[in-house]
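With the input below, show me the fold.
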Amino acid sequence: MISNGTAYLPLHPGKVPSWLYERMEKIGLSITELILMEYGTSGFLSRISDPYWFQAFGCVMGMDWHSSGITTSVLGALKHGVNRHSRELGLHICGGRGTQSRKTPSELQNIASRFQLDSAPLVQASRLSAKIDNTCIDDGYQLYLHSFIVDREGHWAVVQQGMNPQLKMARRYHWHDAGITSFVDEPQSAIIGEPQGIIMNMTDHRSEASRDAVVSFMNEHPDRQVKELQRLGFPVTRRLQMELFMPEHHEVRPSDVDAGRLGAVLAAAYAQQAPSFEQALLLPGVGPRTMQSLALVSELVYGAQNRFSDPARFSFAHGGKDGHPFPVPITTYDQSISVLRSAIDRARLGQSERVDSLRRLHQFAAEIEHRLSPHADVAAAIAHERRISSSLNGKTC
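Now for the predicted structure:
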């Protein structure tokens, strides 16, 4: 799990069109169900608290690959899709953007009653995570979105986002309860945003003395406080371990994509007619273009954490609504949803061969990457997708 990180997330205006939002809800639910089948709710919570995985998740859904809008749209679609099945999934999403974020405590109380949990520590975790990211980290970003994901065991993750309108940027914060021993000593799973020089982070473990000093200061007589304020200095520290920079340019450039990994996905897709692969895959009727999407979806489900360092690559599953790297191929998108839905429904009936085939698809692409080290011509791949866009009912907004 990522302990800390930063990334640049440019703000994008506009709304997600209904034709995309409906599909985001369906594929988001299907991917979530697959992860729950394979790894349980803990596996899903650990993934959604990983900022790199989260960005890749949004790219697979067809959102703008570099935009901060991924956060709002993915969590909105996921909440609508998952919460209708929260009893059977054992997972529920509370909060959201603006006024929805303020409903988080009451939503947590309702779901805690349904899951037979004590709501008090969950509500406290929600309020503290928001308070810390909005107050203890003085980085110029004001929170406007707060989502709290909880499972029936009481484990949780938080994804929240702050905005800096002057800089036209957002900073996304990820939390995960696994391993947290203190809410005020480096509790975040990750912090996402563009570095803006030195900032005050009172949750840094090196700020423990400062936190103690604040408590001591608050207990002083007001006259003493006034004198101390005249000479008070705040230690400013920040821990940087991983950085994910999402650039402002709208187009997907070759430098944004791991060409080796994309090459393996394309090779796996176009090798699908090979008898040995066909036997392993067991997904009849799926053509090369859908196979390309499914290979990226399977990596999202089964891939190791280090596979998500280039989220732009996952936009080659279903394109992007702004036309980058190419228009959303509605025909392919619907086929992906159909294959995933069929695999999940069959697995629930005890027929797991299609879910197994998705796992083997990821393994097959990884083996191609390891053995052959193929490198995709990213510009040529984008040009090809744009040439065939109309045949796949490609759409943009």
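
make it CA atoms for all contacts and neighbour counts henceforth
Fine.

Just the mean pLDDT for stretch 115-130, thanks.
The pLDDT scores in stretch 115-130 average 91.

Only C-alpha atoms, please: export that stretch in CSV.
Output of stretch 115-130 as CSV, limited to C-alpha atoms (Å, rounded to 0.1, in the frame of the first residue of the first chain):
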residue,chain,number,x,y,z
PHE,A,115,-24.3,-4.1,9.0
GLN,A,116,-24.8,-4.3,12.8
LEU,A,117,-21.8,-2.1,13.5
ASP,A,118,-21.1,0.6,16.0
SER,A,119,-21.5,3.9,14.0
ALA,A,120,-19.6,6.1,16.5
PRO,A,121,-16.0,5.2,15.4
LEU,A,122,-17.0,5.3,11.7
VAL,A,123,-18.5,8.8,12.1
GLN,A,124,-15.4,9.9,14.1
ALA,A,125,-13.1,8.5,11.4
SER,A,126,-15.1,10.4,8.7
ARG,A,127,-15.0,13.7,10.6
LEU,A,128,-11.3,13.4,11.6
SER,A,129,-10.1,12.5,8.1
ALA,A,130,-11.9,15.5,6.6
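
and that stretch, how far out from the chain's middle?
Relative to its chain's centre, stretch 115-130 lies at 22 Å (Cα atoms, centre = their mean, to the nearest Å).

Likewise for stretch 247-264?
For stretch 247-264, the separation from the chain centroid amounts to 18 Å (computed by Cα atoms, centre = their mean).

and what of stretch 366-380?
The answer for stretch 366-380 is 25 Å, by Cα atoms, centre = their mean.

what do you get for stretch 79-90?
18 Å.

Stretch 38-50 now?
11 Å.

Could you export it as PDB, CA atoms only?
Extracted C-alpha coordinates of stretch 38-50, given in PDB (Å, rounded to 0.1, in the frame of the first residue of the first chain):
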ATOM      1  CA  GLU A  38     -11.200 -12.800  -5.700                       C
ATOM      2  CA  TYR A  39      -9.900 -10.700  -2.800                       C
ATOM      3  CA  GLY A  40     -12.900  -9.800  -0.600                       C
ATOM      4  CA  THR A  41     -13.800  -6.300   0.700                       C
ATOM      5  CA  SER A  42     -10.300  -5.800   2.100                       C
ATOM      6  CA  GLY A  43      -8.900  -6.200  -1.400                       C
ATOM      7  CA  PHE A  44     -11.200  -3.600  -2.800                       C
ATOM      8  CA  LEU A  45     -10.600  -1.100   0.100                       C
ATOM      9  CA  SER A  46      -6.800  -1.400  -0.400                       C
ATOM     10  CA  ARG A  47      -7.100  -0.800  -4.100                       C
ATOM     11  CA  ILE A  48      -9.400   2.200  -3.900                       C
ATOM     12  CA  SER A  49      -7.100   3.800  -1.300                       C
ATOM     13  CA  ASP A  50      -4.200   3.500  -3.900                       C
END
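
quick one: buried residues of that stretch?
Burial within stretch 38-50, assessed by neighbour count using 16 or more other Cα atoms under 10 Å, is assigned to 40-42, 44-50.

Just give me the closest of these to Ile132.
Ser49 (16.7 Å; Cα to Cα).

What is the longest helix of this structure by residue count?
Longest helix of the chain, by residue count under DSSP state H: helix 18-48.

so where do the strands sit in the stretch 201-350 of the chain?
328-329 (DSSP state E, counting those that start in this stretch).

Below-threshold pLDDT in it: ranges please.
Applying pLDDT under 70 to the stretch 201-350 of the chain flags the ranges 201-244, 272-285.

That one: helices as residue ranges?
Here the stretch 201-350 of the chain has its helices, by DSSP state H, counting those that start in this stretch, at 208-218, 222-231, 259-270, 275-281, 288-302, 315-318, 330-348.

The third one versus helix 288-302: what angle between them?
Here the directions of helix 259-270 and helix 288-302 differ by 120 degrees (axes from the mean of the first three to the mean of the last three Cα atoms, to 10 degrees).

Touching helix 259-270 from outside, list them.
For helix 259-270, the surrounding residues in contact (Cα atoms under 8 Å, 6 or more residues apart in numbering) are 288-292, 295-296, 313, 361, 364-366, 368-369, 373-378.

Report the buried members of the residues you listed.
288-292, 295-296, 313, 361, 364-366, 368-369, 374-376, 378.

circling back to that earlier point, using TSV, please lay out the buried residues of stretch 38-50 together with distance to Ile132 and pLDDT.
Shown next, in TSV, are the buried residues of stretch 38-50 (distance: Cα to Cα, whole Å; pLDDT from 0 to 100):
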residue	distance to Ile132	pLDDT
Gly40	29	96
Thr41	25	96
Ser42	24	93
Phe44	24	96
Leu45	20	94
Ser46	21	90
Arg47	22	92
Ile48	20	92
Ser49	17	87
Asp50	19	88
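
which one of those residues is nearest Ile70?
Comparing the buried residues of stretch 38-50 against Ile70 with Cα to Cα places Ile48 closest, at 12.8 Å.

ok, now how distant is the residue nearest to the closest one when sequence neighbours are not counted from Cys94?
Leaving aside its sequence neighbours, Ile48 sits nearest to Phe54 (Cα to Cα, 6 or more residues apart in numbering; 5.6 Å). For Phe54, the distance to Cys94 (Cα to Cα, to the nearest Å) stands at 17 Å.
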